[in-house]
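In: I would like the atomic coordinates for the input below:
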Amino acid sequence: MSETKTTDATAILEGRTSLGIEFGSTRIKACLVRSDDPNVVLAVGGHEWENRFEDRVWTYALDDVWSGVQAAYAELAADVERRHGARLEAIGAIGVSAMMHGYLAFDAEGELLVPFRTWRNTSTGPAAAELSERFGFNIPLRWSIAHLYQAVLDDEAHVGDIRSFTTLAGYVHRRLTGRDVLGVGDASGMFPIDSATGDYDARLIGVFDELVASRAPGVRIADLLPEVLPAGREAGRLTAEGAELLDPSGVLQPGSPLCPPEGDAGTGMVATNAVLPRTGNVSAGTSIFAMVVLERPLASAHHELDLVTTPAGDPVAMVHCNNGASELAAWAGVFGRFAEATGARLSSDAVFEGLFREALEGEADAGGLIAYNHLAGEPIAGLVEGRPMVLRTPDSRLTLANLMRAQIYGVYGTLALGMRVLADEGVELDRMYAHGGIFRTAGVAQRFLAGALEAPVAVGATASEGGAWGMAVLASYLSAPEGVDLGTYLEQHVFGDAAFETVRPDPADVAGFTAYLDRYRAGLAAEAAAVDAL
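Out: Model prediction:
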């Protein structure tokens, strides 16, 4: 056995490890690292899952949360034994991350009152609009407070029974520790945060309570929201019940400290070292969003921009799009099946590699083609429901190269609309970091994103599976030396020797994407008409 393996096995047996768990839109991931060097990934595990569209609500069943995380943890524990010949009995620190926002409301006994309403739902328009006006602060459709207020406006029967509400990460953390806590980044997607206090905005809490006083007199928002904690603070310990929830085999022992639970946006920032001003990151998966750390407050509120925070509480402008790479993946599936029908069996990676390389041969503006990736509603684009479409004029050039370039551009289309608003505010970026499976084929999606954002884009080694690893890093941060802020910890202890491949925008790509985006913006009227017609 090599010295490295011996050292890693000892770290596992002595509990000098950190576990990150992330509930993504399509996959639950678990990542175990050494707490003294989070760059050393000791084991990984995962489980595929999908949201459901039931009674016109995007949701996940809570039973699927636990069966899924148990499957991911079991795979990780088996990976530990396979790689290191050790049993995973004790873990040094644990962190839970999940899709931000949404609505999980519970009664006094901790029972779920209505099915989990995820970030993907766009049914909160009246509530979000009224709250934004009253607060003088943009409240997106997917924020937890918008879901709660919409339930109040709709006189939903469960409102009177609510004793707490939270996000998916907060729910899982509470079941593991017994504590109703959220990291400040995830909390900032529930209710606005006052950057001066690092807690919920007290003035706006008063505004909300006045707003619901006559409709829901028993609702006091401060009593319902989870406690807010910044990164680096212990947020409870794994209980015996929590250990059994993760590992029904009984091997995992209770007692591990947990860091504050965070949203996937926060873990993406950590996984790409984008927590300092003038840095940002793009995370592309089922959804796509950009996080830009601000140097100064924005001049005005914009419906395209969420004001949230880093896991440390620093202000961030977020451009969140409900639709990411799912439609692109569906097209790749079509072409993969075509290859199989001709007798050429290709792996999924090989299909994406071939199609992405072909996209490089396309015209800079995609030859006049436009691809819309809207499977769900998209507030920035003004769509209450999704209608994925490919549009072209008779004089456009329909080739495989142009089609695939249009599809990749389409992943960035709505994101670019929001980023243009930030540019108009005078926000400047030194570098954008990117992560997500779309960037696994080197030099394609990254290059097109640089052209779309007109900024350098860097991709690191953790690009395809960064979220669970980012959460493991936040768990490791619990043991950082006292007084070391998150940005310094990442720079000195995590990313000091990290290699990032940076691509600067190609002027031809910038011009081509600008022309594409002009057509994209104009063609949204056809998308809206399709929603009305179908």
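In: C-alpha from now on. contacts and neighbour counts both.
Out: OK.
In: hmm, who's touching stretch 450-464?
Out: Where contact means Cα atoms under 8 Å, 6 or more residues apart in numbering, the residues beyond stretch 450-464 that reach it are 271-272, 409, 412, 416, 419, 429-440, 446-447, 449, 469, 498-507, 509-510, 513-514.
In: Just give me how far it sits from the chain centre.
Out: Taking Cα atoms, centre = their mean, to the nearest Å, one finds stretch 450-464 lying 16 Å from the centre of the chain it belongs to.
In: any weak-confidence spans in this protein?
Out: Judged against pLDDT under 70, the low-scoring parts of the chain cover residues 1-6, 461-465.
In: After the longest strand seen in it, which helix or strand is next? Please name it.
Out: Ranked by residue count and defined by DSSP state E, the top strand of the chain is strand 37-48. Following strand 37-48 in sequence order, the next helix or strand is strand 52-54 (DSSP states H and E).
In: what's the offset of that following strand from the middle of its chain?
Out: For strand 52-54 - counting by Cα atoms, centre = their mean - the centre lies 20 Å from the chain centre.
In: Kindly report the same for stretch 153-161.
Out: Using Cα atoms, centre = their mean, the distance from the centre of stretch 153-161 to the centre of the chain it belongs to is 29 Å.
In: Show me what counts as buried in that stretch.
Out: By neighbour count, with 16 or more other Cα atoms under 10 Å as the criterion, the buried positions of stretch 153-161 are V159.
In: Residues contacting it, please?
Out: Residues external to stretch 153-161 that are found in contact with it (Cα under 8 Å, 6+ apart): F106, D107, A108, L113, V114, A127, A151, V152, R215, A216, G218, V219.
In: follow-up on the earlier one: narrow the contacts of stretch 450-464 to just the buried residues.
Out: Among the contacts of stretch 450-464, those classed as buried by 16+ other Cα under 10 Å are 271-272, 409, 412, 416, 419, 429, 431-436, 438-440, 446-447, 449, 469, 500, 502-506, 509-510, 513-514.
In: Sort out for me which of those residues are in helices.
Out: Among those, the subset assigned to helices under DSSP state H consists of 271, 409, 412, 416, 419, 446-447, 449, 469, 509-510, 513-514.
In: And those, which two are furthest apart?
Out: Farthest apart among those by Cα to Cα are W469 and T514. That separation is 34.5 Å.
In: Just the helices from the stretch 51-200 of the chain, written as ranges.
Out: The residue ranges that make up the helices of the stretch 51-200 of the chain, judged by DSSP state H, counting those that start in this stretch, are 62-84, 125-135, 144-153, 168-177, 184-187.
In: Check the stretch 201-350 of the chain too.
Out: Applying DSSP H, counting those that start in this stretch to the stretch 201-350 of the chain gives helices spanning 202-212, 221-224, 240-246, 264-271, 326-341, 348-359.
In: which one of these is the most hemmed in?
Out: Each of the helices of the stretch 201-350 of the chain was scored by mean neighbour count; the highest is helix 264-271, a mean of 30, by mean count of other Cα atoms under 10 Å.
In: Pull up the gap between R83 and G466, please.
Out: With distances defined as Cα to Cα, to the nearest Å, the gap from R83 to G466 amounts to 21 Å.
In: So for those two, which residue has more residues nearby?
Out: Neighbours per residue (other Cα atoms under 10 Å) separate R83 from G466, with G466 holding more: 27 against 13.
In: hang on, the more buried one packs against H435?
Out: Yes - counting by Cα atoms under 8 Å, H435 is a contact partner of G466 at 6.7 Å.
In: shared neighbours of the two, which are they?
Out: Taking Cα under 8 Å, 6+ apart as the criterion, G466 and H435 both touch G268, T272.
In: Let me see the contact set for the closest residue in space to A129 that isn't next to it in sequence.
Out: Using Cα to Cα, 6 or more residues apart in numbering and skipping the chain neighbours, the partner closest in space to A129 is I139 (7.4 Å). Remark: with contacts taken as Cα under 8 Å, 6+ apart, I139 is in contact with A128, A129, L131, S132, A146, H303, D306.
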